[in-house]
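S.K.: I would like the atomic coordinates for the input below:
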Amino acid sequence: MLSVIAPVTGVAQELFPEGSVDAGIYATQAEGFQHGLVVLAMDESCWLIEAEDGHHLRVEEGAVEAVRRQLALFDAESVGWPPRRVVESARVQTHWPLSPWCWVLAVFAVFWAQGEWPGLSDAGLLDAARVLGRDEWWRAGSALWLHGDLGHLVSNAGGGVLVFSAVVATFGPGAGWALIAASAVGGNIAAVVLQQGEQYRSLGASTAIFAGLGLLAGRAIRVLGRSGHPHRWRTMGVPLAAGLIVLGLYGAGGVEVDVLAHATGFGAGVLAGFAAAGEGVGGALGGVPVAQGLGDSGQQR
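M.R.: Numbers count the residues shown, from 1 in each chain. Coordinates of the predicted model:
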């Protein structure tokens with residue numbers, strides 16, 4: 001039971017409940033009430049009495065030592081809580097960026113070119129045998145512009161315009177696109193290296209999309225880490241966990257979806273976003289089988 005007793009003049013001991021002693025004296029009723037809840041959680045009775053020198057939290061004499069220990073632990077655990085809001089000083093664009101729409105037009109133009117010149121797809125897709133055996137490393141970039149069919153293109157275009165708009169608004173158009181390109185190409189190269197010795201063919205912009213998602217997560221981790229808050233190590237895991245959930249939901253399902261490239265793109269993006277933040281740089285995303293368009297059921301995107 002927590003009883004709140006009306007103000008008394010001075011510290012009139014005769015008005016305190018008989019057999020009770022002070023467990024603490026607090027400047028405000030809210031602070032006293034909060035500590036009273038700790039006492040109630042111990043299944044002990046207490047009284048909160050307002051006097052001229054503060055709010056007295058009274059407990060039964062036999063419980064005072066145990067109560068004071070618990071209140072001391074509560075005060076120690078409450079340091080820095082609730083956490084202060086982290087406010088960024090970096091400028092973020094408030095208008096919808098135009099460049100992601102230019103990217104959409106570009107990938108549709110490339111898809112049209114694939115239909116006009118069928119050999120273009122085979123010439124530019126990510127092929128581990130050609131990359132590692134013939135040093136055709138440029139395929140790690142060219143494959144990002146190719147798609148196997150219209151459904152694959154539309155799903156990636158829709159996801160890309162959303163993710164890339166967020167990246168460009170956060171990092172700026174120049175740095176944003178440079179980071180997307182570097183992370184996506186790095187993700188494709190990592191996927192090829194991890195698949196060396198196996199038949200591995202892939203295409204599609206989804207690696208770049210998950211790289212963009214990783215950029216946002218990596219930057220958020222760095223920003224929270226710089227906040228100086230005592231509980232920042234807990235909150236730093238939130239953007240990474242959110243990114244991994246999106247990766248699991250949209251990047252790890254379906255037939256012949258290139259899960260490895262999605263994961264390596266995301267990982268490269270996290271590292272790049274984390275590093276770029278330190279320098280002050282301001283639907284389904286996965287693919288579907290490309291066998292229909294390229295005649296090889298082993299290809300992924």
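S.K.: ok, and the helix or strand in this protein with the lowest average confidence?
M.R.: Of all the helices and strands that make up the chain, helix 291-294 has the lowest average by mean pLDDT, DSSP states H and E, namely a mean of 30.
S.K.: could you pull out the helices for this protein?
M.R.: Taking DSSP state H as the test, the helices found in the chain are 29-41, 64-77, 99-116, 119-124, 128-134, 139-142, 150-171, 173-194, 206-225, 232-235, 237-250, 259-278, 291-294.
S.K.: Run a quick neighbour tally on the closest residue to residue 260 other than its chain neighbours.
M.R.: Residue nearest to residue 260 in three dimensions, not counting chain neighbours: residue 191, with 4.9 Å by Cβ to Cβ, 6 or more residues apart in numbering. In short, each C-beta sits where N, CA and C put it, glycine included. A total of 25 residues lie near residue 191 under the criterion other Cβ atoms under 10 Å.
S.K.: Outside of stretch 18-34 itself, list whatever touches it.
M.R.: For stretch 18-34, the external contacting residues (Cβ atoms under 8 Å, 6 or more residues apart in numbering) are 2, 4, 35, 39, 46-48, 50, 53-61, 64, 67-68, 71.
S.K.: how about it: buried residues?
M.R.: Buried residues in stretch 18-34, counted by 16 or more other Cβ atoms under 10 Å: 20-21, 23-26, 31-32.
S.K.: Where does the prediction get shaky in this protein?
M.R.: 1-15, 81-96, 197, 226-240, 243, 247, 249-256, 279-301 (pLDDT under 70).
S.K.: rewinding a little: distance to residue 107 added to the buried residues of stretch 18-34, as a markdown table?
M.R.: Written out in a markdown table, the entries for the buried residues of stretch 18-34 read as follows (distance: Cβ to Cβ, whole Å):
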| residue | distance to residue 107 |
| --- | --- |
| 20 | 75 |
| 21 | 75 |
| 23 | 68 |
| 24 | 66 |
| 25 | 69 |
| 26 | 63 |
| 31 | 59 |
| 32 | 63 |
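S.K.: contacting residues around the residue nearest to residue 260?
M.R.: 126, 200, 202, 207, 258, 260-261, 264.
S.K.: Which members of those are the farthest-apart pair?
M.R.: Of all pairs drawn from those, the widest gap by Cβ to Cβ lies between 200 and 207 and measures 13.1 Å.
S.K.: what about these two, which has more around it?
M.R.: With neighbours defined as other Cβ under 10 Å, residue 200 and residue 207 compare such that residue 207 has more, 37 against 22.
S.K.: For that one, which non-adjacent residue is closest in space?
M.R.: Skipping the residues right next to it in sequence, residue 207 comes nearest to residue 265 by Cβ to Cβ, 6+ apart, at 3.9 Å.
S.K.: How many neighbouring residues does the one you found have?
M.R.: 33.
S.K.: From residue 153, how far out is residue 110?
M.R.: Counting by Cβ to Cβ, to the nearest Å, the gap from residue 110 to residue 153 is 9 Å.
S.K.: so residue 167 touches residue 175, yeah?
M.R.: No. Residue 167 lies out of contact with residue 175 (Cβ atoms under 8 Å); the separation is 9.2 Å.
S.K.: Look at the two and report which has more neighbours.
M.R.: Neighbour totals were compared for residue 167 and residue 175, and residue 167 leads with 30 against 18 (other Cβ under 10 Å).
S.K.: Tell me who's in contact with the more buried one.
M.R.: 176, 179-180, 212, 215-216.
S.K.: how about these in TSV, adding distance to residue 278 and neighbour count?
M.R.: What follows is the contacts of residue 167, written out as TSV (distance: Cβ to Cβ, whole Å; neighbours: other Cβ atoms under 10 Å):
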residue	distance to residue 278	neighbour count
176	16	26
179	13	28
180	18	28
212	19	33
215	13	34
216	15	20
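S.K.: picking up where we left off before, so which of the buried residues of stretch 18-34 sit within strands?
M.R.: Counting by DSSP state E, the part of the buried residues of stretch 18-34 found in strands is 20-21, 23-26.
S.K.: Dihedrals phi and psi, residue 28?
M.R.: Here is the backbone geometry of residue 28 (degrees, to the nearest 10): phi -130, psi 160.
S.K.: Over to residue 200?
M.R.: Dihedral angles phi and psi of residue 200 (degrees, to the nearest 10) take the values phi -140, psi 120.
S.K.: That one against residue 125, yeah?
M.R.: No. Counting by Cβ under 8 Å, residue 200 sits too far from residue 125 to count as a contact (10.4 Å).
S.K.: Which neighbours do the two have in common?
M.R.: With the criterion set as Cβ under 8 Å, 6+ apart, the contacts of residue 200 and residue 125 do not overlap.
S.K.: Please look at residue 143 and residue 124 and confirm they touch.
M.R.: Yes. With contacts defined as Cβ under 8 Å, residue 143 counts as touching residue 124 at a distance of 6.1 Å.
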